[in-house]
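Novice: Give me a 3D structure for the following:
(one chain, ligands or ions: 1)
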Amino acid sequence: MYQQKLHQQINSTLPKSGIDISGKDNSFYARFIANADAIQSLYKTIYGDNEKSNEYFKQLLQTILNAHITRPASLKQRDDTKDEHWFLSNQITGMSLYVDRFCGNLQNLVDKIDYFKKLGVNFLHLMPVFESPQGESDGGYAVSDFRKVDERFGSLEDLKNLQKKMSDENMYLMIDIVLNHTSQKHEWAEKAKQGDKKYQHYYYMYDDRLVPDAFEQDMPEIFPEKAPGSFTYVHDCDKWVMTVFHDYQWDLNYTNPEVLLEMLENIFFYANLGVDILRIDAPAFIWKQIGTTCQNLPQAHTLLRLIKQCVLVAAPGMALLGEAIVAPAAIMKYFGTDEYTAKECDVAYNATHMALQWDALATGNIKVMLAAQHEILKKPFGTTWISYTRCHDDIGLGYDDYMIEQAGFNAYEHRRFLKEYYSGNYYSSPSTGALFSVNPKTQDARISGSLASLCGLEKALSEKNDHAIEISIGKIIMMQAHSFFIGGIPMLFYGDEVGYTNDYSYLNDPGKSYDNRWMHRPIINWEKNKNIDVEGTVEKNVFSATQKLISIRKKLSVVADLKNLTWLTPHNIHVAAYLRAYDTKKLYCIFNFSEHTSYLTWYAFKEHGKSPEKLYDHWQEKNITVGRDNEYLILEPYGFCLLET
Ligand code: GLC
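Specialist: Take a look at the predicted model:
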């Protein structure tokens, strides 16, 4: 609601700023006034009781103003050209990559723009490039300086230059803000170690084990093998500090309003570099409270909403992605609820569906996938998913037990089967993955391994088994196709576009060998990648198919994420079948998860509006006549169709 007092307060910050509220800064000013009440009330919900609450609130308003003043004119122009829901488009396809492992450094990445264009990728997620200590970096997620590009990758100028080149090519950029923690080598942590009280309050630091013990009663362990517990003893200052992830990643204390202010400034620093989507790393963890799991707490959502409102004012073209890899119902809340529906994170990972695809691939059965859809389909209009098969992290089988049970399986046995299957321990499994972070107390575990290795390519190649190679490539493509058309921004993981199998070189690096997620983070060999132009090679087969899927997707506006997906009645439990429909356009997406030929009654296509008579399969590029109800669409093992009416 409009508040005159707040309006006056904002006006009082303006005179010295030189902004022109009736001219070029008019839309900024309008957004500021319009969002001010929401910003204040969200802020007060968290910090209202803090004795310096008003003073910090003033600083928050100033931070927003400064962000606008320092936002380059070119980015303000780009903001204006972006539609409110630009990220729902079917035109965007992403790739996530480690700059150093992909091509050495940021300068070389500019030279790879042609490669991305050839493939059809126009959106890049750069894995963390800001300074992070070698050997204790967690792939860059332990940041020691939020504003200095790590020398390994180049300089801030190189990053700016890359952004400019990408923007000239109409490409989009995503980078991370690691909101939950800093490296223990960050300046704040160093000062805290030296006894500086101000900075000790930036973290959760305690003199003895009393509070840590109370917290740990209910906090699940994230890396139970390498980093058991959630606190670490710091010799330098003789205190215990909260470290939910690795012992070198110190959790920031957002009960302290100064921490929020500092991190908001960093967020705007990234926004003003030209970031299109900001990936908020691990947002589920940003608020802690004794007696809870310290994940997904309401205050974490309030903080994200507050950040979203501030960003809307000063960097409206930047969308927010919440990297919440949590239970299906919990993920959904990151899009916002109640009056904040579709006003929290614009994008989230569809981690549930990603894991369900792997479930269906191992079992050849889509029942669990279907049992989870009622939750996944709750995503509000105006928000979207990152849709993916693999990323830099492990695969967690995080969907709910009741979903597995509804499908008729025992949850514990079912998960055990999946873990054995993908770690290659099940007798008929072709996969060569590994278990990640096995919890010795609960036997919980996640799965590491590249898309290709999990699909059996590594084994097939080592056995020189042409038939198995063909089958595994079929699986790779079907898995990608399913995730490309299910809705959301497809995000490839680098290397998967050419079928990279596991890379075991990480075992020789003591800074990585303890973390088997590195097996699926390959070092790209560009000589090998040249095979994308050599007929008959694995690289060419996988690359061309991926390229074709991307180009089909770009042609079909019905694939934009307009909350326009309906699952077909499951006439065959091996076949995942959904309809994307908008206006008069319809696209039936049909995937056979079975190793055998599957048959789908033509009746399945006649349940939604006018029955089609002819369908065009974009994948096989041929027309198909719809048959009678007792006849079937025949799908090859791991085959799929993209059928337009
Ligand atoms: C996120 C990242 C993961 C990292 C963790 C801690 O989940 O994706 O790689 O280990 O955050 O920062």
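Novice: Next, the residue of the chain found nearest the ligand: phi, psi?
Specialist: For the chain and the ligand, the shortest gap (C-beta to the nearest ligand atom) falls at Tyr141, measuring 3.3 Å. Just so you know, the C-beta spots here come from the backbone N, C-alpha and C atoms, and that holds for glycine as well. Main-chain dihedrals, Tyr141, degrees, to the nearest 10: phi -90, psi 10.
Novice: Quick check: chain neighbours aside, which residue is closest to it?
Specialist: Val178 (5.5 Å; C-beta to C-beta, 6 or more residues apart in numbering).
Novice: and what of Asp393?
Specialist: Nearest to Asp393 is Arg517, by C-beta to C-beta, 6+ apart, at 6.3 Å.
Novice: Run a quick neighbour tally on the one you found.
Specialist: 20 (other C-beta atoms under 10 Å).
Novice: can you check Cys310 too?
Specialist: Look at Cys310: counted by other C-beta under 10 Å, it has 26 neighbours.
Novice: can you confirm it is in a helix?
Specialist: Yes - assessed by DSSP: H, G, I helix; E, B strand; the rest coil, Cys310 belongs to a helix.
Novice: can you pull out the strands in the stretch 101-250 of the chain?
Specialist: 123-126, 130-131, 145-149, 172-177, 181-183, 205-206, 231-234, 239-242, 249-251 (DSSP state E, counting those that start in this stretch).
Novice: residue contacts, Phe116?
Specialist: Met95, Asn122, Leu124, Met171 (C-beta atoms under 8 Å, 6 or more residues apart in numbering).
Novice: whoops, I mixed them up, Asp251
Specialist: Listed by C-beta under 8 Å, 6+ apart, the contact partners of Asp251 are Asn180, His181, Tyr203, Tyr204, Val241, Met242, Thr243, Val244, Phe285, Lys288.
Novice: Dump these into JSON lines; add neighbour count and pLDDT as well.
Specialist: Putting the contacts of Asp251 into JSON lines (neighbours: other C-beta atoms under 10 Å; pLDDT from 0 to 100) gives the following:
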{"residue": "Asn180", "neighbour count": "25", "pLDDT": "98"}
{"residue": "His181", "neighbour count": "27", "pLDDT": "98"}
{"residue": "Tyr203", "neighbour count": "25", "pLDDT": "98"}
{"residue": "Tyr204", "neighbour count": "24", "pLDDT": "98"}
{"residue": "Val241", "neighbour count": "23", "pLDDT": "98"}
{"residue": "Met242", "neighbour count": "25", "pLDDT": "98"}
{"residue": "Thr243", "neighbour count": "24", "pLDDT": "98"}
{"residue": "Val244", "neighbour count": "25", "pLDDT": "97"}
{"residue": "Phe285", "neighbour count": "25", "pLDDT": "98"}
{"residue": "Lys288", "neighbour count": "23", "pLDDT": "98"}
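Novice: Quick check: the farthest pair among the residues you listed?
Specialist: By the measure C-beta to C-beta, Val241 and Phe285 form the most distant pair in these, at 14.7 Å.
Novice: Quick one: name the residues of the stretch 51-200 of the chain near the ligand.
Specialist: Asp138, Gly139, Tyr141, Val178 (C-beta under 6 Å from any ligand atom).
Novice: Can you say which two of those residues are spatially most distant?
Specialist: Every pair of those checked by C-beta to C-beta; the farthest is Gly139 and Val178, at 10.7 Å.
Novice: Would you agree Gln249 is in contact with Ser183?
Specialist: Yes - between Gln249 and Ser183 there is a contact at 6.7 Å, judged by C-beta atoms under 8 Å.
Novice: Overlap of the contact sets of those two?
Specialist: Ala142.
Novice: Neighbour count: the two, which is higher?
Specialist: Neighbours were counted for Gln249 and for Ser183 using other C-beta under 10 Å; Gln249 has more, 29 against 26.
Novice: ok, back up a step: keep only those of the residues of the stretch 51-200 of the chain next to the ligand that are in helices.
Specialist: Assigned to helices by DSSP state H, none of these qualify.
Novice: Who wins on neighbours among the residues you listed?
Specialist: Neighbour counts for these peak at Val178, which has 26 neighbours (criterion: other C-beta under 10 Å).
Novice: Look up how far Leu278 lies from it.
Specialist: Distance, Val178 to Leu278, using C-beta to C-beta, to the nearest Å: 11 Å.
Novice: does Leu579 count as helix, strand or coil?
Specialist: Leu579 ends up strand, using three-state DSSP.
Novice: I figured it was touching Thr566, is that so?
Specialist: Yes - counting by C-beta under 8 Å, Leu579 touches Thr566, with 4.8 Å between them.
Novice: who touches both of these two?
Specialist: With C-beta under 8 Å, 6+ apart as the test, Leu579 and Thr566 both reach His608.
Novice: between the two, who's got more neighbours?
Specialist: Leu579 (22 against 13).
Novice: Next up, the contacts around the more buried one.
Specialist: Neighbouring residues of Leu579 by C-beta under 8 Å, 6+ apart: Leu565, Thr566, Trp567, Leu568, Lys586, Leu587, Tyr588, Cys589, His608.
Novice: List the ones among those residues that fall in strands.
Specialist: Leu565, Thr566, Trp567, Lys586, Leu587, Tyr588, Cys589 (DSSP state E).
Novice: On the strand side of things, show who the fourth one bridges to.
Specialist: Beta-bridge partners for Lys586, by DSSP bridges, are Ala581.
Novice: pLDDT score assigned to it?
Specialist: pLDDT recorded at Lys586 is 96.
Novice: 99 is where my numbering starts, stick with that
Specialist: Sure thing, new numbering starts at 99, so read that last one as Lys684.
Novice: Wait, it touches Arg678, no?
Specialist: Yes - contact criterion C-beta under 8 Å: Lys684 and Arg678 qualify, at 7.3 Å.
Novice: Looking at those two, which is more packed in?
Specialist: Taking other C-beta under 10 Å, Lys684 and Arg678 do not tie; Arg678 has more neighbours (25 against 21).
Novice: Can you list the helices and strands that the helix or strand hosting Lys142 packs against?
Specialist: Per DSSP states H and E: Lys142 is located in helix 124-145. On a contact count with 3 or more C-beta pairs under 8 Å, 6 or more residues apart in numbering; DSSP states H and E, helix 124-145 meets helix 102-111, helix 151-168, helix 355-369, helix 396-412.
Novice: want to throw these into JSON lines with mean pLDDT?
Specialist: Converted to JSON lines, the helices and strands packed on helix 124-145 look like this (pLDDT from 0 to 100):
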{"stretch": "helix 102-111", "mean pLDDT": "92"}
{"stretch": "helix 151-168", "mean pLDDT": "97"}
{"stretch": "helix 355-369", "mean pLDDT": "98"}
{"stretch": "helix 396-412", "mean pLDDT": "98"}
